[in-house]
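Trainee: below: sequence and its predicted model.
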Amino acid sequence: GQQLNQSPQSMFIQEGEDVSMNCTSSSIFNTWLWYKQDPGEGPVLLIALYKAGELTSNGRLTAQFGITRKDSFLNISASIPSDVGIYFCAGQLSSGTYKYIFGTGTRLKVLA
Amino acid sequence: NAGVTQTPKFQVLKTGQSMTLQCAQDMNHNSMYWYRQDPGMGLRLIYYSASEGTTDKGEVPNGYNVSRLNKREFSLRLESAAPSQTSVYFCASSGGLKTQYFGPGTRLLVL
């Protein structure tokens, strides 16, 4: 089946640093979603992207829908301790399905 | 609004026992989903319901059944639980903007 390759798998950063992560696929997507999951909780939607080239911000978070429609990027600026968690990307295929494909997650740890 | 709610939050089963996981949403969404999440893996789709009255298999449907009881509720049933079904189960719903919202999860241990 389709897969989303998410990288990096994990990262340790210093408080105040910027963070970048991405998802890539061999398939074309018509929607990209980015989620954050805290331990013991369900994923929480951060940003939704609907068209190629779209750049959307949510506070210190910025995500982009890749021009090829096969990738997406999430940046976090000036990280703070509460940014700790697992970040997931999810893509909805352009074939009109209602299904979403999820990446395996990027585990972020912020060192104060 | 409560969003997406799931019950129970935790459950321990013995191999061969059955149980139903309940999910409800109050956002008037058409589509609902059941996922499982295992350590080191992303969310894998078990079943989904694009609209009331329809259900379809996802990536890992074996060992599960679902019922879309009405627009609000979508249940997941394990008829004969197996240790391989130990996981965290998430229900989600999606509306017209294609964004998907998740419940808090059900943690299931099968002994």
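Mentor: Done, it's in. Residues are numbered from 1 along each chain as shown, chains lettered A, B, ... in the order given.
Trainee: tell me the contacts of the closest residue to B:Gln25 other than its chain neighbours?
Mentor: Counting by CB to CB, 6 or more residues apart in numbering or on different chains, B:Gln25 lies nearest to B:Ser93, which is 4.1 Å off, once chain neighbours are set aside. C-beta coordinates here come from the backbone N, C-alpha and C atoms, glycine included. Shown in contact with B:Ser93 (CB atoms under 8 Å, 6 or more residues apart in numbering or on different chains): B:Val4, B:Gln25, B:Met27, B:His29, B:Ser31, B:Met32, B:Tyr33, B:Phe74, B:Gln100, B:Tyr101.
Trainee: just the buried ones from the residues you listed?
Mentor: B:Val4, B:Gln25, B:His29, B:Ser31, B:Met32, B:Tyr33, B:Phe74, B:Gln100, B:Tyr101 (16 or more other CB atoms under 10 Å in any protein chain shown).
Trainee: who are the contact partners of residue 98?
Mentor: Just so you know, I chose chain A. Contacts of A:Tyr98 (CB under 8 Å, 6+ apart): A:Gln92, B:Ser31, B:Tyr48, B:Ala50, B:Ser94.
Trainee: oops, chain B please
Mentor: Contacts of B:Lys98 (CB under 8 Å, 6+ apart): A:Thr31, A:Ala48, A:Tyr50, A:Gln92.
Trainee: would you say it is within a strand?
Mentor: No: checked against DSSP: H, G, I helix; E, B strand; the rest coil, B:Lys98 lies outside a strand; its state is coil.
Trainee: does the residue nearest to B:Gln25 count as helix, strand or coil?
Mentor: Taking three-state DSSP, the label given to B:Ser93 is strand.
Trainee: how near is it to chain A?
Mentor: Per CB to the nearest CB, to the nearest Å, B:Ser93 is found 11 Å from chain A.
Trainee: so what sits opposite that residue in the bridge?
Mentor: Beta-bridge partners recorded for B:Ser93 (DSSP bridges): B:Met32, B:Tyr101.
Trainee: how about residue 24: which residues does it bridge to?
Mentor: No chain was given, so I picked chain A. A:Asn5, A:Asp71.
Trainee: that's the wrong chain, I meant chain B
Mentor: When bridges are called by DSSP bridges, B:Ala24 pairs up with B:Thr5, B:Glu73.
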